[in-house]
Every structure is written in C-alpha cells, then in structure tokens.
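1. here's a sequence, model it:
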Amino acid sequence: MNTRQEPAISLDTARQRIEFQSGGLAYDEEFRNGKLIPGRWVFPNTGTTSPGVPDRHFNVPNLAFRLQVDGQDLQWGWQWVSARQVTTGARPHAVVELLHTRCPVRVHVHTGLDGAPF
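-> Below you'll find the predicted structure:
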C-alpha cells in the first residue's frame, strides 16, 4: 500500500505564511519581526501539533535560513517582498523574496518538496 501523499504548498501572502505538506506531515514558515521563521509541525496521523515559535521569543535563533555578508550577520531586518509557488518537474517549491533593510541584499529562499516526510 502506498501511503505517500502528493506534496502541496499553500501560500497565505496576506499573513506572510506558507504551509508545506509532504509525506503525511505539514510544516509552516511565517515572516515575523523582520525574519522568516519556522512555525508549527502538524502530525495528522497522531493528531498532535507542535506549538511553533511564540511572538514573545523575538531573539530565538530559530530561523528558516541564516546569511552572513562581509562578516555582518543578517538574521533580522528583512522585508517581505513576495512569495510564489513554482513546480520543477513534479516537485513543487515555494520561493519567498526578501529584501534586507540595512544592507543592499535581496534573497530568494527556496523550500522544495519531494513527497517524503521532512
């Protein structure tokens, strides 16, 4: 029996949040306080959900990505520009475009899915 679920991405650009579903699990990322952070994990087969990162944890080093340019750590200070879904072959991935507010840096953060659990 094949229990593999087709990977799917749900974009909520108004809330600056993306949900990824792959291999029977769901995971989300959201843009908050100038950074892209991992949100919650949902385990549908068990009915459990991880809580994600609360708003009060502004300095939590829990980031969707890290970048350092010329010795300067660019963890915070990002501005959300856009988000879109792209499919390469049969594999969807999300592309979030961010612009840094202090440095002339623009990034495209890609999160790809292949149907396997994360």
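2. hey, which helix or strand in this protein has the poorest pLDDT?
-> Using mean pLDDT, DSSP states H and E, the weakest-scoring helix or strand in the chain turns out to be strand 48-49, at a mean of 60.
3. downstream of it, the next helix or strand is which one?
-> Downstream of strand 48-49, the next assigned helix or strand under DSSP states H and E is strand 68-69.
4. which residues touch that following strand?
-> If you take C-beta atoms under 8 Å, 6 or more residues apart in numbering as the criterion, strand 68-69 is touched by 74, 103, 105. (Each C-beta comes from the backbone N, C-alpha and C, glycine too.)
5. so who does the last one touch?
-> Spelled out, that is V105. When contacts are taken as C-beta under 8 Å, 6+ apart, V105 is in contact with 67, 69, 74, 99.
6. okay if I get those residues as a markdown table plus neighbour count and pLDDT?
-> As requested, the contacts of V105 are exported to a markdown table (neighbours: other C-beta atoms under 10 Å; pLDDT from 0 to 100):
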| residue | neighbour count | pLDDT |
| --- | --- | --- |
| L67 | 16 | 92 |
| V69 | 11 | 92 |
| L74 | 19 | 93 |
| L99 | 15 | 97 |
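7. of these, which is the nearest to V86?
-> When the contacts of V105 are compared for distance to V86 (C-beta to C-beta), L99 wins out at 19.2 Å.
8. sec struct for the residue nearest to the spatial centre of the chain, please.
-> Geometric centre of the chain, nearest residue: E29, 3.4 Å, by C-alpha atoms, centre = their mean. Applying DSSP: H, G, I helix; E, B strand; the rest coil to E29 yields a three-state assignment of strand.
9. next: the one 10 residues further on.
-> Reduced to three states with three-state DSSP, the structure at G39 is strand.
10. and for the helix or strand hosting L11, what's in contact with it?
-> Counting by DSSP H and E, the secondary-structure element that holds L11 is strand 8-12. The contact list for strand 8-12 (C-beta under 8 Å, 6+ apart) reads 18-22, 83-85, 92-94, 113.
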